[in-house]
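*Asks:* next input, structure requested:
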Amino acid sequence: MFDPARIRTLWDLVEYRAQASPGLPMFFEGGGRTVTFGEVRDEAVRVAAGFRGLGVGAGTRVAWQLPTRVETVVASLALARIGAVQTPVIPLHREREVGFILAESAAEFVLVPGVWRGFDYGAMARKLAGDGRTVISVADGLPAGDPADLPDAAPGGGDGRTTWIYYTSGTTSSPKGVEHTDASLIAGGVGLATALGMSGDDIGSIAFPYAHIAGPDYVVAMLVSGFPAVVLETFEPGRAAEVYRRRGVTMAGGSTAFYQAFLEESRRYRGRAPEAGRLIPSLRLLSGGGAPMPPELYEEAGRELGCAIVHGYGMTECPMIAMGTPYDSDDQLAHTVGRPVTGAQVRIVRADGSAAGAGEPGEVTLKGTMLFRRYTDPALTAEVFDEEGYFHTGDLGYLRPDGHLVLTGRLKDIIIRKGENISAQEVEDLVRTHPAVADVAVIGLPDRERGERVCAVVTPAGTAGAPLTLRALTAHLRAAGLMTQKLPEQLELTDELPRGGPLNKVLKTALRERYAGPGREVPPM
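*Replies:* Here you go, the predicted model:
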């Protein structure tokens, strides 16, 4: 039986599961290969010896920018076995972001895949490496050595040292280096496993970038609960659904964008073959986080796919904060991000720092064993922790009387119109209910009279009829009860919202730059 008190490091957890379930599958690849828990442990030991032979030891700083593969997980576990300080880098990052991360994290080694999806990661890494930094290409396989040459397993941050440095996506501000220990990542994964109630009878999936902090979060849940997962290098909805059907996946997801993608793929699938039934017959859960989930999407995707949708809340600084469970009501699942997970202490505070009551909005602050140690920049750390040690997330929300957390927006995603604070998310949620709207981002644009004006950037739905107008949209919002001060004063239609980062978030900075040009101001309401 899993005993958290005996697990201090990620490697402890790998050894525990390899001994408990050595012959059971841990990973299924899209191409058909199956790898067991025991095989993953054994290969990680050989690779750890190979890294040692190249000069990687306890405390060595190693950055890796690798696709989502079984070998990537093995490499990361091997580095954990040694006790290296790992800096995972999302594969979509390019020279500007990677150069910043390598320099700021003081990486001594860089692992790259060679050429992947037409881009030469090795060439970029060598250009950025400079003197004293070693680039290791794993295009021809991971290094391997004799396990007998390995010293005892390292503490893995069990002594409070940093063993992981993650970087925020930088979609809303400059990337920040976030320092974690094995213990904080394990706590996040245990919180996820406990909320979802997964067992060895389940089959999960990893189709998101493993370099995202959700990667170890998910693998920890697998090691704790003993379930395997399908691993896909890239997420293509049709291909993913085909593999998931074949493998009998019971839990899929990654973010709100994944829910939407599966919803659309299911409609196409049933349109081609109405008698085919559900897109993924074995699926019982869609799970994810990283972006708000509109209640309408919960209802439509759950009905179409025939499964529960359990949405959660986490961030690079704290991989798991709150999570829905399969046992929650439809109201709780559609309108909240679940209860705080085991070990997470959530407190809502008013602008003056005092604690808010149940149902009262404020900033989300938190404590817990899954919380990061600090930022690499001490000045940033000092800004976000209060005197009681609570981390100020910058997210706005409230705790319902039933203990479930509702997020209402970001402190930095507030539009201030004539002194009135307007939550962009609140307006977005209502705009999405218009039948002519497929997707929306609400932004504040500079305005001489108002300070900021409310602009709705809409991707139209593929419905017949006249194009959406500002008059029609504001009439819809008035009917929904939105106060006049919050109504959009500008409407922009676009074929696609710009997105970026590992979870495909809308890049509102790009939208502000696009639509704040001269000549776009509108008359006062």
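*Asks:* next one: the residue nearest to the spatial centre of the chain from residue 85, what distance?
*Replies:* Nearest to the mean C-alpha position of the chain, counting by CA atoms, centre = their mean, stands residue 290 at 4.6 Å. Between residue 290 and residue 85 the distance, using CB to CB, to the nearest Å, works out to 25 Å. Glycine gets a C-beta too; all of them are placed from N, C-alpha and C.
*Asks:* likewise for residue 483?
*Replies:* 50 Å.
*Asks:* between those two, which one's more packed in?
*Replies:* Applying other CB atoms under 10 Å to residue 483 and residue 85 shows that residue 85 carries more neighbours, namely 22 against 10.
*Asks:* quick one, what contacts the more buried one?
*Replies:* With CB atoms under 8 Å, 6 or more residues apart in numbering as the criterion, the residues that contact residue 85 are 59, 60, 61, 62, 162, 163, 164, 165.
*Asks:* which residues does the fifth one contact?
*Replies:* Yep, that's residue 162 we're talking about. Applying CB under 8 Å, 6+ apart, we find residue 162 in contact with 85, 179, 180, 181, 373.
*Asks:* and of the residues you listed, the nearest to residue 478?
*Replies:* Comparing these against residue 478 with CB to CB places residue 180 closest, at 46.5 Å.
*Asks:* given the helix or strand of the chain with the lowest mean pLDDT, what are its sheet partners and their directions?
*Replies:* Using mean pLDDT, DSSP states H and E, strand 420-423 stands out as the lowest-scoring helix or strand of the chain, at a mean of 76. Applying DSSP bridges to the sheet, strand 420-423 is found paired with strand 414-417 (antiparallel).
*Asks:* so what touches the strand it pairs with?
*Replies:* The set of residues external to strand 414-417 that reach it, using CB under 8 Å, 6+ apart, is 396, 421-424, 442-444, 447, 450-454, 485-486.
*Asks:* ok, of the residues you listed, which come out buried?
*Replies:* Burial of the contacts of strand 414-417 was assessed by neighbour count (16 or more other CB atoms under 10 Å); the buried members are 396, 422-424, 442-444, 447, 450, 452-454, 486.
*Asks:* which member of these is positioned nearest residue 369?
*Replies:* For residue 369, the closest of the buried ones among the contacts of strand 414-417 turns out to be residue 396, at 24.5 Å, with distances computed as CB to CB.
*Asks:* and the closest one, what is it in contact with?
*Replies:* Neighbouring residues of residue 396 by CB under 8 Å, 6+ apart: 361, 362, 363, 364, 407, 408, 409, 410, 411, 414, 423.
*Asks:* highest neighbour count among these?
*Replies:* Busiest of the contacts of residue 396 [other CB under 10 Å] is residue 364, holding 27 neighbours.
*Asks:* correct me if wrong: it contacts residue 340.
*Replies:* No. Residue 364 lies out of contact with residue 340 (CB atoms under 8 Å); the separation is 10.0 Å.
*Asks:* what sits in contact with each of those two?
*Replies:* Overlap of the contact sets of residue 364 and residue 340 (by CB under 8 Å, 6+ apart) consists of 321, 346, 405.
*Asks:* number of residues surrounding the nearest residue to the first one once chain neighbours are set aside?
*Replies:* Nearest non-adjacent residue to residue 321, counting by CB to CB, 6 or more residues apart in numbering: residue 313, 4.8 Å away. Other residues within reach of residue 313 by the criterion other CB under 10 Å amount to 26.
*Asks:* in what helix or strand does residue 313 lie?
*Replies:* When elements are assigned from DSSP states H and E, residue 313 belongs to strand 308-315.
*Asks:* show me what contacts residue 409?
*Replies:* Listed by CB under 8 Å, 6+ apart, the contact set of residue 409 reads 395, 396, 423, 424, 425, 426.
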